[in-house]
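>>> requesting a structural model of the entry that follows:
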Amino acid sequence: MTSFTFRRPFIVPWGDCDPAGIVFNPKFFTYFDTNTWLMFEAATGVKVHDINTRFGIIGIALVDAGANFMKPVKYGDEIEIVSRVAEFRRSSFVVEHKILLDGDLRNEGTETRVWAVKHPDDPEKIKTATIPEEVIKAFG
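So this is what the prediction gives:
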């Protein structure tokens, strides 16, 4: 478990909502994805667009995702998206996300991602690699 927690305020735009003004559930996965990348930038000090080059990867590929939609979030709500790495493994990690409205937990989600590099035998394929200790240490 890591100690670094990334918090981002966010005002829900109309384009993320259904005609009733409630956030369309798949949009939460976009919120989670964005927060994961911004969390890596905040923890490591490496800009999102430089992460792949800096660490020699092709990405932090999403291999599993889940969410629990407990209470609605609506157009104009000023929410907070809170994310942290719950667990680092050899080549994968689990990210936990919470969506808060005035401190009230509305939704939560998880992502499992892998440290992905080009396959040495076939550049059209990817494979996992060991997450550098430097990255793990950046998350406390």
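
>>> what residue is smack in the middle of this structure?
Residue closest to the mean C-alpha point of the chain, counted by CA atoms, centre = their mean, is residue 36 at 2.3 Å.

>>> how near is that residue to residue 122?
According to CB to CB, to the nearest Å, residue 36 stands 27 Å off from residue 122. The C-beta positions use only the backbone N, C-alpha and C, and glycine is treated the same way.

>>> helix, strand, or coil at the residue nearest to the centre of the chain?
helix (DSSP: H, G, I helix; E, B strand; the rest coil).

>>> that one reaches residue 111, doesn't it?
Yes: between residue 36 and residue 111 there is a contact under CB atoms under 8 Å: 6.3 Å.

>>> what residue of this structure is the furthest out?
residue 121 (29.5 Å).

>>> and the contacts of the helix or strand of the chain with the lowest mean pLDDT?
Within the chain, no helix or strand scores below strand 122-128, which has a mean of 91 by mean pLDDT, DSSP states H and E. By CB atoms under 8 Å, 6 or more residues apart in numbering, the surrounding residues in contact with strand 122-128 are 58, 61, 91, 92, 114, 115, 116, 117, 118, 119, 120.

>>> by neighbours, which of the residues you listed wins?
For these, counting by other CB atoms under 10 Å, the largest number of neighbours falls to residue 115: 24 neighbours.

>>> the inter-axis angle of whichever strand or helix holds it versus strand 122-128?
Using DSSP states H and E, the element containing residue 115 is strand 104-119. With axes from the mean of the first three to the mean of the last three CA atoms, to 10 degrees defining the directions, strand 104-119 sits at 140 degrees from strand 122-128.
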